[in-house]
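Colleague: Okay, predicted coordinates and the sequence, questions at the end:
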Amino acid sequence: MGQPLEGIKVIDLSRILAGPLCTMTLGDFGAKVLKVESPAGDETRGWIPPVTAHGVSTYYWSVNRNKESIIADFTNAEHRARLQELIQDADVLVENFRPGVLSKFGMDYESLKTLNPRLIYCSISGFGEQQGAELPGFDLLVQAVGGLMSITGEPEGTPSKVGVALVDVLAAQNAVAGILLALRERESSAQGQRVSINLLSSVLAGMTNQTSSTLATGESPARMGNAHPSIAPYETFSASDGVVAIAVGNDRQFSALCHQLGDPALADDPRFLTNADRVAHRVELKILIENVTTQRSAATWAGQLMSAGVPAGKVNTIAEALRFAQDLGLDPVAEMRDPETGESTTHIASPIGLSRTAAQYRTPPPAHGQHQELFELKTHR
């Protein structure tokens with residue numbers, strides 16, 4: 001059975017995370033992705049350790065499967081001409097160069113749309129193409145100036161970044177959505193268009209209720225650790241051997257929690273009758289809950305509370321989270337056999353589940369220039 005993007009040709013001029021994750025997602029669902037690298041290669045090839053069993057950067061490995069790699073030097077006129085040949089019949093181009101750089105080489109959207117009017121040209125930048133064009137688009141920087149760090153961390157501590165380059169991931173997902181929207185529109189117009197994604201807009205939109213609250217009240221939310229600004233108890237609590245997360249979303253769940261804590265009368269305490277009451281008295285409530293949760297293990301509490309209908313879970317390591325997902329039948333790890341070497345490799349599976357045309361894992365991330373024969377120069381044919 002064919003895949004949703006079978007027949008779609010993607011030219012990937014991007015590197016590091018947001019662009020490559022976008023194009024890998026397209027590749028997972030059938031698109032043919034040609035990864036165009038400079039002679040130096042994608043920077044993440046050198047971001048080590050850690051490495052896979054074959055000595056490949058795990059960072060690069062995570063976002064580059066289902067692609068073919070060629071090397072092109074934009075300062076070489078023959079290379080530019082050959083690349084333009086490849087773009088003539090492409091459907092999608094993804095790039096994350098600093099705004100204005102590709103125009104020097106005739107690889108900007110205005111130049112290429114005359115060459116290929118059906119081209120969907122996706123640009124990913126840090127801060128857009130106007131006053132922020134010169135700003136470096138690093139995830140840490142965007143988390144800082146975009147406000148995400150201001151709401152992450154303990155109230156008395158310093159602002160903290162999220163433990164992964166989350167803004168790049170959000171931008172990648174937005175890029176995939178924008179490309180698919182443009183491809184859908186092209187079915188009726190027969191015209192390509194430009195998709196513009198920037199990291200700052202991605203994080204502002206991605207903070208959803210926090211940015212909405214700021215717009216409505218004029219007040220910027222403060223750091224609350226693992227607590228929630230609008231719900232209580234909805235945070236982490238100390239257990240005898242670690243930490244357990246308890247996410248009470250309504251009065252019924254709170255009553256059930258109180259019963260499991262051995263203090264059913266707590267649900268009738270005037271300080272905790274409604275969610276608004278509990279939010280107003282969250283500090284007192286947390287103390288009362290932790291007086292009990294510290295008596296047993298996190299896993300024990302998670303099992304007991306979930307059985308009673310109270311959302312709860314042990315704070316897992318990533319290894320534990322992978323095992324948990326596997327136990328739930330979610331198949332978080334995909335295995336593929338390298339068609340060239342026959343070796344089996346493992347990957348994190350796509351989170352997108354389609355009942356008839358599921359993601360396919362055809363080839364592992366390519367070596368630098370592994371498919372250079374696809375870039376045979378015109379003068380050498």
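Modeller: Yes, it's here. Residues are numbered from 1 along each chain as shown.

Colleague: so which helix or strand takes in the residue nearest the centre of the chain?
Modeller: In the chain, the C-alpha nearest the mean C-alpha coordinate belongs to V169, at 2.5 Å (Cα atoms, centre = their mean). Assigned by DSSP states H and E, V169 belongs to helix 166-189.

Colleague: just checking, what packs against that helix?
Modeller: Under the contact definition 3 or more Cβ pairs under 8 Å, 6 or more residues apart in numbering; DSSP states H and E, helix 166-189 sits against helix 18-28, strand 92-95, strand 120-125, helix 139-145, strand 194-198, helix 199-206. (Each C-beta comes from the backbone N, C-alpha and C, glycine too.)

Colleague: what would the ones you listed look like in JSON lines with mean neighbour count?
Modeller: Conversion of those to JSON lines gives the following (neighbours: other Cβ atoms under 10 Å):
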{"stretch": "helix 18-28", "mean neighbour count": "27"}
{"stretch": "strand 92-95", "mean neighbour count": "26"}
{"stretch": "strand 120-125", "mean neighbour count": "26"}
{"stretch": "helix 139-145", "mean neighbour count": "19"}
{"stretch": "strand 194-198", "mean neighbour count": "21"}
{"stretch": "helix 199-206", "mean neighbour count": "20"}
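
Colleague: which one of these lies closest to R186?
Modeller: Within the helices and strands packed on helix 166-189, the stretch nearest R186 is strand 120-125; the backing value is 6.9 Å (Cβ to Cβ).

Colleague: got the residue ranges for the strands in this protein?
Modeller: In chain order, the chain shows strands spanning 9-12, 32-37, 67-71, 92-95, 120-125, 194-198, 234-238, 243-247, 312-314, 333-337, 344-348, with DSSP state E as the criterion.

Colleague: The third one to strand 32-37, inter-axis angle?
Modeller: Counting by axes from the mean of the first three to the mean of the last three Cα atoms, to 10 degrees, strand 67-71 lies at 30 degrees to strand 32-37.

Colleague: which residues make contact with strand 67-71 from outside it?
Modeller: Among residues not part of strand 67-71, those counted as contacts by Cβ atoms under 8 Å, 6 or more residues apart in numbering are 12, 23-24, 27, 32-39, 41, 363, 365-372, 374-375.

Colleague: closest one to H54 among the helices and strands packed on helix 166-189?
Modeller: Using Cβ to Cβ as the measure, helix 18-28 is the one of the helices and strands packed on helix 166-189 that comes nearest H54, at 18.3 Å.

Colleague: can you give me how far the closest one is from the chain middle?
Modeller: When distances are taken as Cα atoms, centre = their mean, to the nearest Å, helix 18-28 is centred 11 Å away from the chain's centroid.

Colleague: ok, now stretch 117-126?
Modeller: In this view, stretch 117-126 has its centroid 19 Å away from the chain centroid, taken as Cα atoms, centre = their mean.

Colleague: same check, this time on stretch 121-139
Modeller: 18 Å.

Colleague: And stretch 66-81, by the same measure?
Modeller: What separates the centre of stretch 66-81 from the centre of its chain is 27 Å, taken as Cα atoms, centre = their mean.

Colleague: Likewise for stretch 243-252?
Modeller: With Cα atoms, centre = their mean as the basis, the distance from the averaged C-alpha position of stretch 243-252 to the chain average is 26 Å.

Colleague: quick one: contacts of that stretch?
Modeller: Around stretch 243-252, the neighbours that count as contacts under Cβ under 8 Å, 6+ apart are 226, 231-237, 254, 257, 267, 273-275, 289, 293, 298, 301-302, 305, 309-315.

Colleague: Which of those residues fall within helices?
Modeller: Secondary structure assignment by DSSP state H places F254, L257, N275, I289, T293, A298, W301, A302, L305 of the contacts of stretch 243-252 in helices.

Colleague: possible to save the helices and strands packed on helix 166-189 as a markdown table with distance to N174?
Modeller: Compiled in a markdown table, the helices and strands packed on helix 166-189 are given as follows (distance: least, Cβ to Cβ, whole Å):
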| stretch | distance to N174 |
| --- | --- |
| helix 18-28 | 9 |
| strand 92-95 | 12 |
| strand 120-125 | 9 |
| helix 139-145 | 13 |
| strand 194-198 | 5 |
| helix 199-206 | 5 |
